[in-house]
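Visitor: with the input below, show me the fold.
(chains A and B)
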Amino acid sequence: MRNVVIAGVFVVVALVMLGSSGYLYYQYYGQPRCEACGMIVTSEMAENMYLIDTNTNQRLYSCCAGCMLRLAAAHPNMHLEVLDSWYGTAAPATVIEIRNGSVVSVSVDTARIMLGSKLTNSCVSNRFAINATSAQFLQTNGYNPSNPLSPFKTTLPDNTPLVNVSAALTALKAKGISYVPPSAAFLIGAATAGIAVLAIGLVAWKKLSVPPVRKT
Amino acid sequence: MIWTPLTTIMTVLGIFGLALMLFSATKAFSITRKSGHASLEEKYVLEKEYYLLSTVVWIILASRLVASGLFWATNESLIALIPGAMCQFGVYQAGSPYSWIDQGIKLMVVLVYGIWLVLDFINRRTKGSPLLASLSRLFILMTPLLFIDTALDLLFYGSLEPVTVPCCRIVFDQTSAVPCPYCFVFHDAPLFLVVVASYGLSIAAVVWSLAIRHYLKIGGDLESVGMAAIRRLVTFSLIFAVIGTIALVPAILQVIGAGVFVH
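Guide: Below you'll find the model as predicted:
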């Protein structure tokens, strides 16, 4: 009976480990992520920005207006349709065309990107404003409670930089995609640690299973 | 405080642990003090008292081990509620400095609490409870860790507010030698979760075996019961090491095929 309980505990632990891993795997690949920073893209974020790589016709995802332009580092030809962060769907989307990594057209001349991330290091401080009035509202309130598509319900830092799309693109494209896959050295380190643990397990199994020799 | 079902459970487990710990620490202290010069009759009374203590400590340690597992699940669930957080790194920043210390403690509690639990397990199966005094002393020694572990949970979740935090990529940028460990283990290559947990349990089982072996010199029944426990533990250690290694291969292959990652 005791052996059955121990085996049962072992099976439960193994199932919990494999189950958590499977769930996280599903969660990760089941939800789009910002290609530039890795943040989970919610449905509100996805509805705020409709991004297409015109070379491949592939839909791209970004979490904020800053990351949207950072994508130009990996996708030099893009078609972007962006909603104003204050007015949401109450105002027409701004269409931005990027070719060879440069802005070729912006449908609304007065459109500005509010780069609060320059001050807070966080994408949640970035907004997109179609005019000075929207920018002023966003600076004062952070977000519009009446806009159901407000992706970040946070205030903005004082004096959030206001940059036009072309100027913002140059700096953000240079920043590029920040995700870097783990290096070979890191993976070799993980494999070495694995071999070491296996060796410890083997040695312990061989040596510790034998009763200790008593000194006479 | 951000109230969610999981943070509520963590808070309840914290208060529950603190209350039971206060009761058992005083009991353990009394047993340790009396056991050195107890007569045969007093030893019988102490043994009965010890069984009550042991049952309470099992409940405390089991609840703390559950809290250790829930700690990671709770932090994972809080990511969406902390503006700017994209992995657990953001949650820790929002709960700094308690979060970081709490995390460090959580990495070692299974190992330390496990030592007491396996020793008590073999003590219960041995005639005359030869480890009674040692286990009471060990519990008193463990009390500061138990207190810190429990108190930090309450401080961390109690102080957590939805403040704006910077993304982990600020720290783990292109120049970093290692990727963000939270993104890596929990999101990019979750098979590493199996690897880390299996290897951790494998090493813990070896340490617990060594702890039992340390007390085998007392002799008597303890030697046969202890050796049986050690054999089981080292077998588990080997099985977990093999599971970890089996999971490591596809985990590394998953990372090598990183083209599928979306960020």
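
Visitor: what is the least confident helix or strand in the chain?
Guide: Using chain A here. helix A:2-30 (a mean of 69; mean pLDDT, DSSP states H and E).

Visitor: if you could check chain B rather than the one you did, that'd help
Guide: Within chain B, confidence by mean pLDDT, DSSP H and E is lowest for helix B:181-183 among all helices and strands, at a mean of 83.

Visitor: can you give me the neighbour number for residue 126?
Guide: The chain I'm using is chain A. Using other C-beta atoms under 10 Å in any protein chain shown, A:Asn126 has 28 other residues around it. To be clear about C-beta, it is placed using only N, CA and C from the backbone, and glycine gets the same treatment.

Visitor: my bad, the chain I had in mind was chain B
Guide: Neighbours around B:Thr126, by other C-beta under 10 Å: 18.

Visitor: my guess is it contacts B:Val225, does it?
Guide: Yes - if you go by C-beta atoms under 8 Å, B:Thr126 and B:Val225 touch, sitting 5.0 Å apart.

Visitor: which neighbours do these two share?
Guide: Residues touching both B:Thr126 and B:Val225 by C-beta atoms under 8 Å, 6 or more residues apart in numbering or on different chains: none at all.

Visitor: buried ones in stretch A:99-107, by neighbour count?
Guide: A:Val103, A:Val106 (16 or more other C-beta atoms under 10 Å in any protein chain shown).

Visitor: how about the CA coordinates for that stretch, as PDB?
Guide: Extracted C-alpha coordinates of stretch A:99-107, given in PDB (Å, rounded to 0.1, in the frame of the first residue of the first chain):
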ATOM      1  CA  ARG A  99       9.200  51.500 -47.600                       C
ATOM      2  CA  ASN A 100      12.800  50.400 -47.300                       C
ATOM      3  CA  GLY A 101      12.800  51.400 -43.600                       C
ATOM      4  CA  SER A 102      11.600  55.000 -44.200                       C
ATOM      5  CA  VAL A 103       8.300  56.700 -43.800                       C
ATOM      6  CA  VAL A 104       6.900  57.500 -47.300                       C
ATOM      7  CA  SER A 105       3.400  58.700 -46.200                       C
ATOM      8  CA  VAL A 106       1.300  59.500 -43.100                       C
ATOM      9  CA  SER A 107      -2.300  60.100 -43.800                       C
END
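
Visitor: which residues does the nearest residue to A:Ile130 once chain neighbours are set aside bridge with?
Guide: Counting by C-beta to C-beta, 6 or more residues apart in numbering or on different chains, A:Ile130 lies nearest to A:Asp84, which is 4.3 Å off, once chain neighbours are set aside. Under the criterion DSSP bridges, A:Asp84 forms beta bridges with A:Gly88.

Visitor: neighbours of A:Asp84, how many?
Guide: Applying other C-beta under 10 Å, we find 27 other residues in the vicinity of A:Asp84.

Visitor: my read is that it contacts A:Ala129, right?
Guide: Yes - at 6.1 Å, A:Asp84 and A:Ala129 qualify as touching, with contact defined as C-beta under 8 Å.

Visitor: any low-confidence regions in chain A?
Guide: A:1-3, A:6, A:10, A:14, A:17-18, A:20-30, A:178-182, A:214-216 (pLDDT under 70).

Visitor: what are the boundaries of the helices in it?
Guide: All helices of chain A, identified by DSSP state H, fall at A:2-30, A:43-48, A:65-70, A:117-120, A:132-141, A:165-175, A:184-208.

Visitor: now the stretch 51-200 of chain B
Guide: All helices of the stretch 51-200 of chain B, identified by DSSP state H, counting those that start in this stretch, fall at B:88-94, B:98-124, B:132-159, B:181-183, B:191-215.

Visitor: tell me what the third one is packed against?
Guide: Contacting helix B:132-159 under the criterion 3 or more C-beta pairs under 8 Å, 6 or more residues apart in numbering or on different chains; DSSP states H and E are the following elements: helix B:5-35, helix B:40-78, helix B:98-124.
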